[in-house]
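*Asks:* give the three-dimensional model of this entry:
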Amino acid sequence: MASSSKKVHKVEDDSEEEEEFEHFDDYTLASSWERFISEIEAVCRQWLASGPKNLLEKGAVPSGEPKNLYKVKSELKYAMKNYCMEYYFEISNAGIRKPADWNSSLHDLQLSFGVKEFMVIAPQSANGVILDSPEASKLLSAVAIAFSNCSSLWPAFVPVHDPSRKAYIGIQNMGTVFTRRFEGDLIATQVPVKLMHLEGLYELFVSKFAFSSSDLSTHFFRVHFTMKLTYKTLPYDDDNEEIKSEYEINESGQDNGVDNRNKLQWDDDCPWSEWYTAEDPLKAFELIATWDEKTVESSMEMAELENVSIHEAHKWFIVPEFSSYLMGDYMGHMVGFASQLGLLIDALAISLDVKFMEDFVSGLFEASGSDKLKSSAVVPPPTVLDRVLKDLCHEGPEVISPESRHKSSRIIKGAPLETLFAQFCLHSLWFGDCNIRAIAVLWIEFIREVRWCWEESQPLPRMPVKGTIDLSTCLVNQKLQMLAICIEKRRQQLDSHQDGVGDSNSDSPSVEVEANEDLSHTLRAKESLIKESHSTSTSNANLESSNNNNTRRGSAGVVETMMLLNSPNYMHAPFTQDPPIMTEDMHEERLRAVEVLGDSFNFSGQLEKDILSSDMSAFKAANPEAAFEDFIRWHSPKDWEDDSSSSSSSRKKWPPGGKLSDRMSDPGNSWRKIWNDAPPLPASEQKPLMDPNREGEKILHYLETVRPHQLLEQMVCTAFQAAADTLNQTNFGGLKNMTTKIDQLYPTMASALRPLQANKFPGDPEIIEDLKRLCVVFEHVEKLITLAASLHRKFLHAPRLSQTIFNNFYNFYLPKMGKASVGGDTNKELVNKKEEVRVNERDVVTSMFIQPSANQSWRKVLSMGNLLNGHEPITREIVFSLRDRMDSSYHAPKSQWSHEQEIETHRMYICGTSNDLRVALSVTSCD
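*Replies:* Here you go, the predicted model:
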């Protein structure tokens, strides 16, 4: 018994040892292949347990495109090789995706095989693919076993062949019954002609499930079909080629300074085209036309679809392709106003080193040891100089209406765009690449032309001769405007002497200087009284004028509402001289003189003494019987206090009632003293208040001896203002963002240029840095304006598209302009965003696809159908699918399949161009 019991215990112990041995996983005895599968399984279990949200917290990174696709990766090692396993997943819970959602941005594998989340395992080699087919199959098998062990339904892909082919093989466990296999490859050379057409592609897909080739013609398969065609316009550098006839190129045979090319530029009618030609910011457009899913039963139907009009597509989308200089982060690549303004600022920086502009031309600047001119000392030839001077001094100004100028332009102390100095500054930007020596040469010759106009009494071009001096402009512009007025006065004097009208007894209004437009308040009052006298009956005035004609001189008309105090005669308004015009520095000089005298109380009377004396003399000549009180009533009505009982009708009665104000009734009043000393002389016999000869010579002396830095300061301010005013004339269709940006540009320029206007520049490098930053801001706005103009011209009859595309780019460009915005990846999507084209806008987009000409770089032999104005699609994408119903099966997971649910048994994605063909096939089978 004892021995038997011992045997039983021994058997039990052996059985327990055997059970323990069976459940023990001895990895030391497992093969490297099994360990590799185990490592894949462990990583997958970890990712499955975490879920998408937790994976984001653990370091999942965006995959790039689409923006809601993320990935995590893990590195594995097998057989002396390193592998990288990446799991791609989406965070949005969009449900089951349509067979081909053309409107969505998808990963290449998602679009090719119709999957949502997937895994890619690839070797960490230089090319990242597996060139050996057995190795690829073995690797895919390992992943399939690992996924089956952890019940993962993720599709897995392995890249194979050459990387340029983007070829993959893959597998997906869809449950206990179904398995899905994937295969994709590219035909890069010698695509069969049959596969260039829809009929051949349809037969290629059907051949994957038809039992024999005879089934293609005898059987009808309900194949689901959807298509996406992508067209691209010709580059806009090439599609504007139009040959001009010889007389259009150079009818006169003279060099007019324009680059006579056999090509019309896109911006020929833009305001900046006079100075430079901008590269079209829009290189091309892509048009995407998509067809919704439809059922096709024969290859004949596919042949008909190849000839169908693109206008029958369900949706159109347009995607702009912007120029590289517009998209780049670097500045200064664009040739425009901003780049030349930067060169002008460089010239300003070295203008302090000499006293006169002639020193830059004579070589004195280089002789002093400075090397600042060595890199930029090119001066254009005399022919170019003559052409510029001809444009400045011998051609009339362009007519620019005040409405076309920006409302904030006057806050910059420059010169109006159409004036002579503004045009000089714009020419200097492009003369000899805007170096200081070229500017000095141009300025010296320019002043010689101005002096010639003065000496020959020729009108100064592009300068107004009427009105007062605009003190809101720069000093050089004020001087030129005053010089133009002086030349006009000299011409009037010469004409008067030649016509014999310069007799001292003549009181004809033709010898008087034209009235100033900007009259003072009192002179406006005199004009209104004169007009009132002409609107009433003049019979009494004519009678009185005949009685006093022997003594009255220089009368401009009767003021019938006023009668003289000492005689029952009507008052006469005299012709008076214009007040002397003064520039800003002349005003400052007179102010300093008054401060030195210390008589600030009588400042106004001191400044206007000559004018007041002239008016009094003219009034005495026109009214021989007038008293001081009569002059006050006419010249300064506020200093005459009428009786409270007097009315408008009683003013014509004699003697008129009233008295002088307290200020004028003071015995020591300076006005009364001037009245007593003023002789009765009409304006035609008086000494002119301004000597045009003397003032003209003073102006020329200033222009010829101006310090270089003072000239360059005014040139910089004027050039910025003129360039902005030129761009402001661009017609861009009223884009609100563009209008707002231009409105912001002028205050920005005024703030940066204010130190130059206040003479704070000399020796301050910070001002130069601020001006350089202003150039960057100006270049940003200039780029946006060229884009807005290009869009407006291309979508003139579809303004919604123009505005939407511009706003997308504007929001992308905001961070480059120093504005707060979201991340760069999101902004870049705004640029590449597809904009849907409405039905009423399709004709506008179609017109952009002009017929290719014979000399353009375009395919001469068309190999694909679906033409749009002679353009074949650059890419044709098709998705074929075949679906079948699945009977109820207890093997199928109830959560995924339902009774008689339709499943996709075959799917083929085709992406073809005129040169290659890419095919991706997925087949679902029951294993």
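
*Asks:* so residue 693 touches residue 493, yeah?
*Replies:* No - under the criterion of C-beta atoms under 8 Å, residue 693 lies out of contact with residue 493, with a separation of 9.2 Å. For glycine as for every other residue, the C-beta is placed from the backbone atoms N, C-alpha and C.

*Asks:* neighbour count winner among those two?
*Replies:* With neighbours defined as other C-beta atoms under 10 Å, residue 693 and residue 493 compare such that residue 493 has more, 17 against 12.

*Asks:* residues in contact with residue 204?
*Replies:* Taking C-beta atoms under 8 Å, 6 or more residues apart in numbering, we find residue 204 in contact with 195, 908, 910, 919.

*Asks:* quick one: which of those residues is nearest residue 280?
*Replies:* The shortest gap between residue 280 and any of these belongs to residue 910, at 34.1 Å (C-beta to C-beta).

*Asks:* contact partners for the closest one?
*Replies:* Under the criterion of C-beta under 8 Å, 6+ apart, the contact partners of residue 910 comprise 201, 204, 876-880, 917-920.

*Asks:* export those to JSON lines and tack on distance to residue 673 and secondary structure?
*Replies:* JSON lines is the format used below for the contacts of residue 910 (distance: C-beta to C-beta, whole Å; DSSP: H, G, I helix; E, B strand; the rest coil):
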{"residue": "201", "distance to residue 673": "107", "secondary structure": "helix"}
{"residue": "204", "distance to residue 673": "112", "secondary structure": "helix"}
{"residue": "876", "distance to residue 673": "98", "secondary structure": "strand"}
{"residue": "877", "distance to residue 673": "97", "secondary structure": "strand"}
{"residue": "878", "distance to residue 673": "102", "secondary structure": "strand"}
{"residue": "879", "distance to residue 673": "103", "secondary structure": "strand"}
{"residue": "880", "distance to residue 673": "108", "secondary structure": "strand"}
{"residue": "917", "distance to residue 673": "105", "secondary structure": "strand"}
{"residue": "918", "distance to residue 673": "102", "secondary structure": "strand"}
{"residue": "919", "distance to residue 673": "108", "secondary structure": "strand"}
{"residue": "920", "distance to residue 673": "105", "secondary structure": "strand"}
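
*Asks:* what are the ranges of the helices in the stretch 201-350 of the chain?
*Replies:* If you assign secondary structure with DSSP state H, counting those that start in this stretch, the helices in the stretch 201-350 of the chain sit at 215-218, 246-250, 299-306, 324-327, 337-349.

*Asks:* on that earlier part again, now, the most widely separated pair of the contacts of residue 204?
*Replies:* When C-beta to C-beta is used, the two most widely separated members of these are 195 and 908, lying 12.1 Å apart.

*Asks:* more crowded one of these two?
*Replies:* residue 908 (24 against 17).

*Asks:* host element of the more buried one?
*Replies:* When secondary structure is defined using DSSP states H and E, the element that contains residue 908 is strand 902-912.

*Asks:* check the offset of that strand from the chain's centre.
*Replies:* Per C-alpha atoms, centre = their mean, to the nearest Å, the displacement of strand 902-912 from the mean C-alpha position of its chain is 45 Å.

*Asks:* pull that strand out as CSV, backbone CA atoms only.
*Replies:* Included here for strand 902-912 are C-alpha records, laid out as CSV according to Å, rounded to 0.1, in the frame of the first residue of the first chain:
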residue,chain,number,x,y,z
GLU,A,902,-23.7,45.5,-49.1
ILE,A,903,-19.9,45.3,-49.1
GLU,A,904,-17.3,46.5,-51.5
THR,A,905,-15.7,43.4,-53.0
HIS,A,906,-13.4,45.2,-55.6
ARG,A,907,-12.1,48.7,-55.6
MET,A,908,-9.7,50.3,-58.1
TYR,A,909,-8.2,53.8,-57.9
ILE,A,910,-6.6,55.1,-61.1
CYS,A,911,-4.6,58.3,-61.4
GLY,A,912,-3.4,59.0,-64.8
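
*Asks:* relative to residue 188, how far out is residue 465?
*Replies:* Using C-beta to C-beta, to the nearest Å, one gets 74 Å for the distance from residue 465 to residue 188.

*Asks:* ok, now residue 380?
*Replies:* When C-beta to C-beta is the yardstick, residue 380 and residue 188 sit 53 Å from each other.

*Asks:* quick one: strands adjacent to the strand holding residue 908?
*Replies:* The sheet places strand 902-912 alongside strand 875-885 (antiparallel), strand 917-926 (antiparallel), with pairing taken from DSSP bridges.

*Asks:* quick one: buried residues of it?
*Replies:* 904-912 (16 or more other C-beta atoms under 10 Å).

*Asks:* what about that strand, average pLDDT?
*Replies:* Mean pLDDT, strand 902-912: 91.

*Asks:* now stretch 461-469
*Replies:* Model confidence over stretch 461-469 averages 88 on the pLDDT scale.

*Asks:* picking that back up, what's the closest of the strands paired with strand 902-912 to residue 360?
*Replies:* In terms of C-beta to C-beta, the element of those nearest to residue 360 is strand 875-885, at 58.2 Å.
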